[in-house]
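Enquirer: coordinates only, sequence not included:
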């Protein structure tokens, strides 16, 4: 599994970043999300977005 500088698996880092977007209000509950847009935004593959997080 790919790891970043924080030592977290990529799936955990993505989950943390998406959670932060929800908390900040940038994403709203029930909002439709685009895998392609998130893939571009976080510079990861669409498969990485689908990978389950350990958190």
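Expert: Looks like it came in fine. Just so it is clear, the model here is predicted, and its values are computed rather than measured.
Enquirer: can you name the residues that contact residue 17?
Expert: Neighbouring residues of residue 17 by C-beta atoms under 8 Å, 6 or more residues apart in numbering: residue 42. No exception for glycine: its C-beta is placed from N, CA and C like everyone else's.
Enquirer: which of the helices or strands spans it?
Expert: Using DSSP states H and E, residue 17 maps to helix 10-24.
Enquirer: following that helix, which helix or strand comes up?
Expert: Using DSSP H and E, the first helix or strand after helix 10-24 is helix 35-42.
Enquirer: chain center to that following helix: distance?
Expert: On the basis of C-alpha atoms, centre = their mean, to the nearest Å, helix 35-42 sits 9 Å off its chain's mean C-alpha point.
Enquirer: with adjacent residues omitted, what lies nearest to residue 50?
Expert: Excluding the flanking residues, the one nearest residue 50 by C-beta to C-beta, 6 or more residues apart in numbering is residue 35, at 7.6 Å.
Enquirer: same check on residue 27?
Expert: Nearest non-adjacent residue to residue 27, counting by C-beta to C-beta, 6+ apart: residue 21, 4.5 Å away.
Enquirer: hang on, the earlier thing: which parts of the helix holding residue 17 are buried?
Expert: Buried residues in helix 10-24, counted by 16 or more other C-beta atoms under 10 Å: 10-15, 18.
Enquirer: check contacts around residue 36.
Expert: Neighbouring residues of residue 36 by C-beta under 8 Å, 6+ apart: residue 46.
Enquirer: use 33 as the first number for this chain going forward.
Expert: I'll keep to 33 as the first residue from here, and by that count the last item is residue 68.
Enquirer: mind listing what's buried in the helix or strand bottoming out on mean pLDDT in the chain?
Expert: Least confident helix or strand of the chain, by mean pLDDT, DSSP states H and E, is helix 78-82 with a mean of 87. Using 16+ other C-beta under 10 Å as the test for burial, helix 78-82 gives 80-81.
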